[in-house]
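1. Turn this into a model:
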Amino acid sequence: MGLLHMESGSQMTGSRRVGIYLDAGTVLRNPDYVPVLRDQLGLNLVIMGYTGTLTPKLRARSPFDGQPASAAAVSALAARHLDGGLVDPDEVDDVRAHVGPNLAEVDDDELRRAIALLRGAGVDVWMCVGAWTHRNLMYCPSKEAVNDWLEALYIHVATQYEIEAVDMTHARFPAAGITRALFSCACDDCAREAADRGYDMESMKGALLQAGRLLGEVDADFLRAVWRDGAGFSDLVQGLGMRSGVMDWFRFRAELLGDNMRRFRDAVHAAAGSDFLFGGDNYPASMAAFVGHDYTAWDRQCDFASPLLTHFVSFVGRGIVAWAKYLMRRNGGLSEADALQIIYRLLGYDRLHMPQRLADYDFDAPEKLVELLPFSELILLELRKARLLLAPSLPSYPIIGGGSWPRPVIDAIVAGAEAAGHDGIIWQGTRQLVDYELR
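-> As a prediction, the model looks like this:
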């Protein structure tokens, strides 16, 4: 335990933090858990998932048409693919019981009792609250009804509980492995938002469709040369004759999310004070641009960053597989190994010993996949990229796994986070860190 406590606990001052994600029920069933983590890991922060009860006034601001909401109401607020359809229509029924986008009420009394217990343990408490995306379904970030609801929700949480921060999660487009999500939202509201920012929605859509066609028409030998001859993204853009609208599309989406985050942060500061913190987790840096995250702008919209690496296998691994399959569907001349190497090259993973077969990415056995991948090197690379892209003055608390990752991997990543200049660690799980059986 020495490294974990020394690097992430006893030396922590100012903005440096060691935190963990917990829910109210876990805190109340295990009242001595946080004191154990405080004493053994230097824990000084708990991030609680928000499950409170809303006031009637706030509930009335929900953009839904009732509880449960109608499928039509959810669909009307959801992001749209280039073809006009939903990213994943099967997700609609999963959220109809919510009182608003990304919120299912549970028990305010339980939540308040958990907060009081944590305050008594001497740790800070932040509240984790959802945003636009629920798994594969995203609520359109251009719809004012959605953004008004989220702003009101964040203000409520910031002002009604004894906490220090709102930690926004799922403030992104759906996972990069959902290829339809890469091409949303293209609804009329987003077209108007694009025009207001100097973009042309029809031009961007045309450029995206053209790029897809060109991938199918280009000689497979050219695509193979992208990785074999050390070519990069700019070479691919030139070789395919890709229009500027492709880049504009991803830039527009990041600007749209970023400006809304800034709006939420400013509203929370106005309601709870400038010392109250507002921030959120970030997608792994190598794929961040594809879910609407611009690391270089994070300090202009949030008070802290949290590079989310616990879901690396799912987020990045599934993205690699989905993109490789997409390349193979578009261009029949590419083998599995060809497609994977192209993706590795574009992500900056080509110098690592990565799997050469799609079958190696067994997501039903994530622990085995961690062992197969050059996992420590991948996470350390992402940690360095994140700190390089974030503003030097912005506190950054990487989210890493303390439950299922092998202990040598955890130790290497903690040391690497410190060396890269991050400001602490947020844990998800502690089974590998402390001898404590959760009830």
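
2. Can I take it that W126 is in a helix?
-> No: secondary structure assignment (DSSP: H, G, I helix; E, B strand; the rest coil) places W126 in strand, not in a helix.

3. okay but it is in contact with T169, surely?
-> No: applying C-beta atoms under 8 Å as the test, W126 and T169 come out as separate, 11.0 Å apart. Where C-beta positions appear, they are placed from N, C-alpha and C, glycine not excepted.

4. pLDDT wise, what is the spatially most central residue of the chain at?
-> Nearest residue to the geometric centre of the chain (C-alpha atoms, centre = their mean): Y283, 3.9 Å. Reported pLDDT at Y283 in the predicted model: 98.

5. Also A289?
-> Listed pLDDT for A289 reads 97.

6. and it, that one's in a strand?
-> No: counting by three-state DSSP, one finds A289 to be helix, located in no strand.

7. Tell me the spatial nearest neighbour of it, not counting adjacent residues.
-> Leaving aside its sequence neighbours, A289 sits nearest to F250 (C-beta to C-beta, 6 or more residues apart in numbering; 5.3 Å).

8. what separates the one you found from H293, distance-wise?
-> Distance of F250 to H293, computed by C-beta to C-beta, to the nearest Å: 10 Å.

9. for S274, same thing?
-> S274 sits at a distance of 24 Å from H293 (criterion: C-beta to C-beta).

10. Of these two, which one has the most company?
-> Using other C-beta atoms under 10 Å as the criterion, S274 and H293 rank with H293 on top: 28 against 9.

11. Confirm that one sits in a helix?
-> No: under three-state DSSP, H293 sits outside any helix and is assigned coil.

12. I'd like the numbering to begin with 59 instead of 1 from here.
-> Right, with 59 as the first residue, what we last looked at is H351.

13. mean confidence score for stretch 264-280?
-> Per-residue pLDDT over stretch 264-280 has a mean of 94.

14. How far away from the center of its chain is it?
-> 29 Å (C-alpha atoms, centre = their mean, to the nearest Å).

15. So what touches it?
-> 140, 241, 281, 297-304, 306-307, 385, 388-392, 396 (C-beta atoms under 8 Å, 6 or more residues apart in numbering).

16. Sort out which of those residues are in helices and list them.
-> 281, 297-298, 303-304, 306-307, 385, 388, 396 (DSSP state H).

17. So for W184 and T227, which sits in the more crowded spot?
-> Just comparing W184 and T227: by other C-beta under 10 Å the higher neighbour count belongs to W184, 23 against 20.

18. So that one versus C243, what's the distance?
-> Look at W184 and C243: by C-beta to C-beta, they are 29 Å apart.

19. Kindly report the same for G459.
-> Taking C-beta to C-beta, one finds G459 at 31 Å from C243.

20. For those two, indicate the residue with more neighbours.
-> C243 (25 against 22).

21. thinking again about what came up before, between the ones in helices among the contacts of stretch 264-280, which is closest to G256?
-> D306 (9.1 Å; C-beta to C-beta).

22. doesn't Q414 make contact with E394?
-> Yes: the criterion here is C-beta under 8 Å, and E394 meets it with Q414 at 7.4 Å.

23. Neighbour count: the two, which is higher?
-> Taking neighbours as other C-beta under 10 Å, E394 and Q414 compare with E394 leading, 18 against 13.
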